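> fold the following and give me the result.
(2 chains)
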Amino acid sequence: MAELIASWPAPLLYGLGAVWAVLVIATGVVTVLAHRGAANGAELVARTKTWWWIVAPISAALLLGATVTAVLFALVSFLALREYLSIIPVRQLDRTAILLAYLAIPLQYWFVYDDWYGMFSIFIPVYATAAIAFRLVLAGEARGFIRSAGTLQWGLFLTLYNLSHVAFLMQLDMAVPLPAGGAGLLLFILVIVSLNDVAQYFWGKLFGRRAIVPKVSPKKTVEGFVGGVATSMVVAALLAPWLTPFGLIEAAAVGGVLAFLGFVGDVTVSAVKRDLGIKDSGSILPGHGGILDRLDSLVFAAPIFLHYVRYFYGA
Amino acid sequence: MRRFAAMLFFAIVARPVLALATGLRVLGREHLPTAGPAVIAANHNSHLDVIALLSLFPLRQLHRVRPVAAADHFQKPGFVGWMARTLLNIIPIDRSGQGAEAAIAPVCDALDRGEIVVIFPEGTRGAPEVMVRFRRGSSVLAERYPEVPFVPVYLHGLGKSLPRGEWRFVPFASEAHFGKPLRVADGDTMPMAERLQADVEAMAAGTTLARWAED
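Sure, this is the predicted structure:
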C-alpha cells in the first residue's frame, strides 16, 4: 500500500484534485441555482450528481493502476454493449452470436491487462468479426444477415474496441518519460473530451444560432462547436505540461482535434438514436441518459489519441 | 428454513444477478403493493419474470408474496419444480380444465390470508415478447374480490434474455412498468382481464427498448 501511494506522480494527484475541486464548485453552484428555482434546476442537480458517480470510480482506477482500470472499463463496455443491443432490433436467432459478442469483452480487456498490443489491436476487427459472422451463418437464415452482422459488429467497435483504447493508455510503452504516467494521458483525454461536451453545451446555449446537422442533432450549433474547440485548445495547453509529453502549441492542436472527434462521436450516437426514434440511449445515468449518451464523445477520440501518442512518443 | 433460503436466494443471487445482467429498471414503483390482499398481473415471457417481480419486494415481506403457477408444470420433481416450491413459494393451481372456479380456489385462500398474489393472465410464456389475450381467470377472481387491487405490470426484456425453450442467458436491458391499481369496486364494468390487458398494452407502448426484429 505504501509503495502504491509512493508511486503516485504529483501531477496526477494535482489533476485529480482539480477535477474534484471543479465538481465540488459545480455541485455548490447547481444546488444554489436549483434552490432559487432556476429552470431545469432539478435536471442540472441530477446531472451533477451523476458526474460524481462517474468521477469517483475513474479516480480510484487511475490511482490503483492498469489492472483496475481494465476491469472498470470492461464493466463500462459491458453496460454500453448491453444498452446498444437493447435498443437496436435484433433477431432471436442472433442470440448465440450476441453471446459471443459479450464474450469478446473479457478477452479484449485481457489483452489490455496483458499489455499485448498486437492482439489488442486486431482481436475485434479480425477474430471477433470472423467468429460472429460464422455463427450468424450457422444460424441458417440468410434473410436479415447483413443487418445482424453489420449492427453487431458496429456495436462492438463502438462500445468495446474503441473504448478499450482508453484503458490501454495505461499500458503504452513510451520512448519519453510521462509526467504523470499512463494515468496522466487517460486523465488528459477524459478531461478534454468531457469539458468539450460541457463547453459546447454552454457556448451553444449562449450564442448558438446556426445548427450544423439539424436533421441529426438540432441542438448542435456552429457557435457551440467553435466555442468548444477553442475552450478545449486552451485547457489542453494548460494541462499538457502536467499530464502529457506535448509542447504547448502541439497540446492546443491535440485539444482541438480531440474536441472535433468528440463532436463526431456525439453526433454519431445522436444519429443512431434518431434512426431508432428514441431520445436517450438508456436511463442508467440520471440527467445524462444512457451510458452511450455519456461515452459517445470518446468513441473516436480515444483510438486516435492513442495512436497519435504511440506514433510520436512510443518506444 | 424455507423462508430463510428464499431470502438468501433473493439477497445474494437474484437481486445482484438481475441488477448486473439486465439492469432491471422499475417504473411506477409507487404502485407496488406494500400489503395484501393484492394481485399483481403481468405479461409473461420468461422464467425470470417471477424472479424479477419477487426481487422488488422487501426480503421480510417475501413469504407473503405468492406466484400462481401451473401444478402440472411445477409440481414435478426436478430442479425447476424444487426451485418453484422452495424459493419462489408458488401457489400450484390445476389447469386440467375443472373450470375457473375450481382452479382459483387456492388463490382465493391466499387472498383470504392477506397475501399478495402474482398472476400471469396470459397463462403461458408463449412466443418470446409477444403478448396474447389475457384469460378470464383474473376476471372471475376480481368479481369475487371487488375491493382487492389488481396491479397491471408490463415486463420487457426478460423474454429476450431467457425466452421459452432456451437455457442460455443472454444479457439485455429489462424494465418493469407498474400501472395504477384497478378494482371492480371502482365501477368500471369491463371485465378485469380486459382492463388489465388494456393497461399493460398501454405501458408496452411506452418503452424505448427494442422488441425482437422479425426473423
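> which helix runs longest in the chain?
Answering for chain A, as no chain was given. For chain A, the helix with the greatest residue count under DSSP state H is helix A:248-276.
> I was after chain B.
helix B:192-204.
> for it, packing partners?
Packing contacts for helix B:192-204, counted by 3 or more Cβ pairs under 8 Å, 6 or more residues apart in numbering or on different chains; DSSP states H and E, involve strand B:38-42, helix B:137-144, strand B:150-156. Any C-beta I mention is one placed from the backbone N, CA and C, and that applies to glycine too.
> which residues touch the first one?
Applying Cβ atoms under 8 Å, 6 or more residues apart in numbering or on different chains, the external contacts of strand B:38-42 come out as B:33, B:49, B:53, B:111, B:116-121, B:134, B:138, B:141-142, B:145, B:148-155, B:176, B:181, B:196, B:200.
> change it to 7 Å
B:49, B:53, B:116-121, B:138, B:141, B:148-153, B:155, B:196 (Cβ atoms under 7 Å, 6 or more residues apart in numbering or on different chains).
> report the contact partners of residue B:47.
Residue B:47 touches residue B:162, counting by Cβ under 7 Å, 6+ apart.
> mind checking how far it is from residue B:120?
11 Å (Cβ to Cβ, to the nearest Å).
> then residue A:136?
From residue A:136 to residue B:120 the distance is 33 Å (Cβ to Cβ).
> which residues of the chain fall in strands?
The chain I'm using is chain A. For chain A, strands defined by DSSP state E do not occur.
> my question was about chain B, not that one.
B:25-27, B:38-42, B:65-70, B:91-93, B:116-119, B:150-156, B:175-178.
> helices and strands of the chain: which one bottoms out on pLDDT?
Here I'm looking at chain A. Here the helix or strand of chain A ranked lowest by mean pLDDT, DSSP states H and E is helix A:2-6, holding a mean of 85.
> looking at chain B here, not the other one
helix B:100-103 (a mean of 73).
> got the CA positions of it in PDB?
Provided in PDB are the C-alpha atoms of helix B:100-103 (Å, rounded to 0.1, in the frame of the first residue of the first chain):
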ATOM      1  CA  ALA B 100     -62.100 -21.400 -13.500                       C
ATOM      2  CA  GLU B 101     -64.000 -21.600 -10.200                       C
ATOM      3  CA  ALA B 102     -62.200 -24.800  -9.000                       C
ATOM      4  CA  ALA B 103     -58.800 -23.600 -10.400                       C
END
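> so how far is it from its chain's centroid?
Distance of helix B:100-103 from its chain centroid, counting by Cα atoms, centre = their mean, to the nearest Å, is 19 Å.
> for stretch B:146-159, same thing?
7 Å.
> next, the distance between the ends of that stretch.
32 Å (Cα to Cα, to the nearest Å).
> might you enumerate the residues of the stretch 101-250 of chain A proximal to chain B?
Within the stretch 101-250 of chain A, the positions near chain B by Cβ under 7 Å from any Cβ of the partner chain are A:102, A:141, A:144.
> for residue 200, give me the pLDDT.
This is for chain A. Looking at residue A:200, its pLDDT is 92.
> ah, I was thinking of chain B
Predicted confidence (pLDDT) for residue B:200: 93.
> distance of residue B:109 from chain A?
39 Å (Cβ to the nearest Cβ, to the nearest Å).
> just give me the neighbour total for that residue.
Residue B:109 has 12 neighbouring residues, counting by other Cβ atoms under 10 Å in any protein chain shown.
> before we move on, back to that, helices and strands around the least confident helix or strand of chain A, which ones?
For helix A:2-6, there is no helix or strand it packs on, judged by 3 or more Cβ pairs under 7 Å, 6 or more residues apart in numbering or on different chains; DSSP states H and E.
> who touches that helix?
Helix A:2-6 has contacts (Cβ under 7 Å, 6+ apart) with no other residue.
> neighbours of the closest residue to residue A:248 other than its chain neighbours, how many?
In this structure, residue A:248 finds its nearest non-sequential neighbour in residue A:237, 5.1 Å apart by Cβ to Cβ, 6 or more residues apart in numbering or on different chains. Residue A:237 has 19 neighbours, counted by other Cβ under 10 Å.
> residues in contact with residue A:237?
A:248, A:251, A:252, A:255.
> thinking the last one is in contact with residue A:189, fair?
Put plainly, it is residue A:255. No: applying Cβ atoms under 7 Å as the test, residue A:255 and residue A:189 come out as separate, 9.9 Å apart.
> bridging residues for the closest residue to residue B:103 other than its chain neighbours?
Leaving aside its sequence neighbours, residue B:103 sits nearest to residue B:93 (Cβ to Cβ, 6+ apart; 5.1 Å). Using DSSP bridges, the bridge partners assigned to residue B:93 are residue B:70.
> pLDDT value on residue B:93, please?
83.
> got a list of what it touches?
Here residue B:93 is in contact with B:68, B:70, B:71, B:103, B:106, B:107 (criterion: Cβ under 7 Å, 6+ apart).
> tell me which parts of chain B are close to chain A?
Going by Cβ under 7 Å from any Cβ, the residues of chain B near chain A are B:23, B:25, B:128, B:157, B:163, B:168, B:170-173, B:208-210, B:212-213, B:215.
> re the thing from before, measure the residue nearest to residue A:248 to residue A:167 for me?
26 Å.
> picking that back up, show the buried residues in the residues of chain B next to chain A.
B:23, B:25, B:128, B:157, B:163, B:170-173, B:208-210, B:212 (16 or more other Cβ atoms under 10 Å in any protein chain shown).
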